[in-house]
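Visitor: need a structure here:
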Amino acid sequence: MDEDEEHSIVGCAIENTPENKIAMDEDEEHSIVGCAIENTPGINISNWWKKKKKIDIFLEILDVTEECKRSRVQHDPNTPLNMFLSETTLQAWRISLLSVIALTEEMFNAGYFTILTGKFNQDPLERFFGIVRGIDDTPTAHSWLQIFRILSVYNPTKMHLVRGNIDNEENLRVLVSYEECLLNKFKACEKEAARIRESFKEQLLEELSVRVRTTSQSAPAFISASPPGFVSLEEIMKAANSVSKMALAHDIAVDDDFHLEKVDLPTGSIQKTIKDIAHQAFWDLLKEEFEEDPPKYDRALTLLEEIKEWLLSLLLPHQTRSQQEIKDKLDTELIRQQISAGTLDLHSYSQYIISLMARLCAPGRDDKIRELTAMKDIVALYKGIFETLELMRIDMANFTIRMSRPHIAACSVEYERSKFEDYLKITPDGLRNTRAWLHRNRKETSASSASASNNVQIIPSVLVDAFIELLCWEGSHPWPETVAMDEQRFAEMRQKIKGIQMLSSILLVSLNRDIGLQQASPDFRNSVKEHAAVVLGDARSSEELETVLPSVGAQVVEDINKALKSQGAPELSEENKKLIVAEILALRDPGNRVMEIIHSRLMDFLKQVISNEVARPTQIPMGLSLFKSEIAGVAGRFARLVSHNRAVFAQHYANLIQEEA
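Guide: Numbers count the residues shown, from 1 in each chain. I've put the predicted structure just below:
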């Protein structure tokens, strides 16, 4: 407080005292107020009575002030009250001072002799920041969250309730205003958050789409090979860009293992040859420039500028100090001046760059950093720096993907739906293949069930059958546009299902017969399964199976004979050997009954999984318990893809099915 406020506090109390009992000079006024509110460094048990006496005097002033107010209101309710503080503040002061007395005496009674009271009257929020700020003003993630939480409440309160500790009829206005303040702030925050989310998605997907490399340069499957009529090239490119971002968001959302990798072009390909020649030419020219007298540094300058940009791209937005450090150390103008003066030291710059890379790189790149540190040849060194930075950029992109996956997954449905609508705007009949796919799987309805309500009821069953068809796809029809981004995933699931189908059929025809085993234990069955899987490998087509199944049969016979020998039983007869091998070879035939039964059970199981409206346990098909983990893996992936796809395209599916019905 300043001097006028101290006069006001004590003077008002004296003026309003009926008997005018209190008379103080200026020093005493300072002493009372100062003692009551100062940061007392500490209280000893010997001097406590002096300090407590001064606090008691201030409490008496508060009592007198309160009594004056009541007395004046009783005599003349219309008399204006020139109170120097509100009733709310008066009560707050009384509570604070009484708390100091109670806390201090409690500590003395407990046996303490000195009490540090520096925090007794400190601003609670200020003290809170002091606690969470941590050592050397370096907040931890935990303390940052604590700050965020308290600011979420404190900021709107502090902002709106300045001068809000008033009494009487104004209390209601303040409370109502406070409620409105919170509501308005919430709405404003929601709008700002939505804007930031949209901006973040666009920037992230734009950045990642630049870094993604695909082995195929063809457009996504549902983009027409030739542009539709009356559409500008700009619109086509915009739609293609939207589809590319949509595909990337989709991959991140549905695939927990999605990550970027450095794609090496095939050895001997024209692209790789051209790339290698161009890169080697740059490094050869750089070496020639260094060997000139005097050396030239044109390409070196370009190289350092690009390295600076790459280093900056590895930093997070809040790392402003590191950003400024890089800009200062690798300042282009400074490097130009050093080149002009003949003082450029590329080894010095390389040491700084490598030390910075060591701080920024993932642990998996430490060995590469050590290799760079040991290099002496300047050209080879900068070539190694360049190659390592390229890997670090991929690491950073994958880190960004991992950190952003929950956010992207939460927003991907709406994002994909929006981008697909952009594609449909410029593509005539962009759902032609999807329409045909749903029409093939629409159950025939009788004339009596052709009502609008029944049309709606058949939608779930049509979609279940349609998605099951994707697991049995023969390639005789065009792939639906709405599942184009998952075509490869469905192909992989078909391969896994065929593998489960083949291995389970092999075990069924070879072990479910009288072969002389006393008991085919689960361990034995699992051993036969693993050995057969190794021999079978990735063979799935009829031609591949025809080649590999004889070896599978021989391996199964060998495993059975080992088990028989361990039980002291005679080995398989030649007749049984031939029978087992023959039945295994017959599994490659398209109409094999055992294969059909296993496939039917698998499809019924998967159909049941995606038909459940809520997650519930589903029993593994009979005879396939040995493949529980493999089946569960396929079912989980299938259910996730179907659920995501239906969430994105539900309205289109409903319209197309009802249109056909």
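
Visitor: distance of residue 66 relative to residue 101?
Guide: For residue 66, the distance to residue 101 equals 18 Å [Cβ to Cβ, to the nearest Å]. Yep, even glycine has a C-beta here, placed from its N, CA and C like the rest.

Visitor: next one: residue 658
Guide: With Cβ to Cβ as the criterion, residue 658 and residue 101 are 78 Å apart.

Visitor: how about residue 337?
Guide: 70 Å.

Visitor: so these two - more neighbours on which side?
Guide: A direct count of neighbours by other Cβ atoms under 10 Å for residue 337 and residue 101 places residue 101 higher, at 15 against 12.

Visitor: do I have it right that that one meets residue 53?
Guide: No: in this structure, residue 101 is not within contact of residue 53 by Cβ atoms under 8 Å, at 10.9 Å.

Visitor: quick one: contacts for residue 473?
Guide: 479, 490-491, 494 (Cβ atoms under 8 Å, 6 or more residues apart in numbering).

Visitor: just the ones of these in strands?
Guide: With DSSP state E as the criterion, strands contain none of the contacts of residue 473.

Visitor: tell me which of those residues is nearest to residue 342?
Guide: residue 491 (61.5 Å; Cβ to Cβ).

Visitor: in stretch 295-304, what counts as buried?
Guide: Across stretch 295-304, burial judged by 16 or more other Cβ atoms under 10 Å covers 296-297, 299-300, 303-304.

Visitor: what does stretch 579-593 give?
Guide: Applying 16+ other Cβ under 10 Å to stretch 579-593 flags 579-581, 583-584, 587-588, 592 as buried.

Visitor: go through this protein and flag its longest helix.
Guide: Longest helix of the chain, by residue count under DSSP state H: helix 378-426.

Visitor: which of the contacts of residue 473 are buried?
Guide: Neighbour-count burial (16+ other Cβ under 10 Å) applied to these gives 479, 490, 494.

Visitor: how about the helices in the stretch 401-550 of the chain?
Guide: Using DSSP state H, counting those that start in this stretch, the helices of the stretch 401-550 of the chain run over residues 432-440, 452-457, 459-470, 487-511, 522-536, 542-566.

Visitor: which of those helices has the lowest mean pLDDT?
Guide: Looking at these, the lowest mean pLDDT belongs to helix 452-457 (a mean of 60).

Visitor: quick one: low-confidence ranges for the stretch 551-661 of the chain?
Guide: 614-615, 660-661 (pLDDT under 70).

Visitor: what residues are up against the residue nearest to residue 595 when sequence neighbours are not counted?
Guide: Spatial nearest neighbour of residue 595, chain neighbours left out: residue 505 (5.3 Å); criterion: Cβ to Cβ, 6 or more residues apart in numbering. Residues near residue 505 by Cβ under 8 Å, 6+ apart: 587, 592, 594-595, 598.

Visitor: thinking again about what came up before, columns distance to residue 520 on top of the buried ones among the contacts of residue 473, output as TSV?
Guide: Shown next, in TSV, are these (distance: Cβ to Cβ, whole Å):
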residue	distance to residue 520
479	42
490	35
494	30
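
Visitor: looking at the contacts of residue 505, which is nearest residue 352?
Guide: The shortest approach to residue 352 among these belongs to residue 598, at 63.5 Å (Cβ to Cβ).

Visitor: let me know the helix or strand that that closest one is in.
Guide: Assessed by DSSP states H and E, residue 598 sits inside helix 593-611.

Visitor: mind listing what's buried in that helix?
Guide: Within helix 593-611, the residues scored as buried using 16+ other Cβ under 10 Å are 594-595, 597-599, 601-603, 605-606, 609-610.

Visitor: okay, the residues you listed in JSON lines with distance to residue 107 next?
Guide: Converted to JSON lines, these look like this (distance: Cβ to Cβ, whole Å):
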{"residue": "594", "distance to residue 107": "84"}
{"residue": "595", "distance to residue 107": "83"}
{"residue": "597", "distance to residue 107": "82"}
{"residue": "598", "distance to residue 107": "79"}
{"residue": "599", "distance to residue 107": "79"}
{"residue": "601", "distance to residue 107": "76"}
{"residue": "602", "distance to residue 107": "74"}
{"residue": "603", "distance to residue 107": "76"}
{"residue": "605", "distance to residue 107": "70"}
{"residue": "606", "distance to residue 107": "70"}
{"residue": "609", "distance to residue 107": "65"}
{"residue": "610", "distance to residue 107": "67"}
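
Visitor: could you work out the most separated pair of these?
Guide: Longest distance between any two of the buried residues of helix 593-611 is 25.5 Å, between 594 and 610; criterion Cβ to Cβ.

Visitor: so residue 339 makes contact with residue 301?
Guide: Yes: using Cβ under 8 Å, residue 339 is in contact with residue 301, at 6.9 Å.

Visitor: touching, residue 599 and residue 504? I think so.
Guide: No: under the criterion of Cβ under 8 Å, residue 599 makes no contact with residue 504, lying 10.0 Å away.

Visitor: what are the buried residues along whichever strand or helix holds residue 101?
Guide: For residue 101, the element it lies in under DSSP H and E is helix 87-109. Judged by neighbour count (16+ other Cβ under 10 Å), helix 87-109 contains these buried residues: 90, 93, 97, 100, 104, 107-108.

Visitor: who does the nearest residue to residue 107 once chain neighbours are set aside form a beta bridge with?
Guide: Nearest residue to residue 107, sequence neighbours excluded (Cβ to Cβ, 6+ apart): residue 115, at 5.0 Å. Residue 115 has these beta-bridge partners by DSSP bridges: residue 43.

Visitor: pLDDT score for residue 115?
Guide: Reported pLDDT for residue 115: 75.

Visitor: count the neighbours of it for me.
Guide: By other Cβ under 10 Å, 19 other residues sit near residue 115.

Visitor: show me the contacts for residue 621.
Guide: By Cβ under 8 Å, 6+ apart, the contact set of residue 621 is 601-602, 604-605, 631.

Visitor: including distance to residue 459, could these go into a markdown table?
Guide: Output for the contacts of residue 621, formatted as a markdown table (distance: Cβ to Cβ, whole Å):
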| residue | distance to residue 459 |
| --- | --- |
| 601 | 26 |
| 602 | 24 |
| 604 | 21 |
| 605 | 22 |
| 631 | 27 |
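
Visitor: now for the residues you listed: which two are most distant?
Guide: Maximum pairwise distance among the contacts of residue 621 (Cβ to Cβ): 11.9 Å, between 604 and 631.

Visitor: residue 544 and residue 472: what is the separation?
Guide: Applying Cβ to Cβ, the value for residue 544 to residue 472 is 19 Å.

Visitor: between those two, who's got more neighbours?
Guide: Set side by side, residue 544 and residue 472 show more neighbours around residue 544, with 14 against 10, by other Cβ under 10 Å.

Visitor: not counting sequence-adjacent ones, nearest residue to the more buried one?
Guide: Closest residue to residue 544 apart from its sequence neighbours, by Cβ to Cβ, 6+ apart: residue 538 at 7.9 Å.
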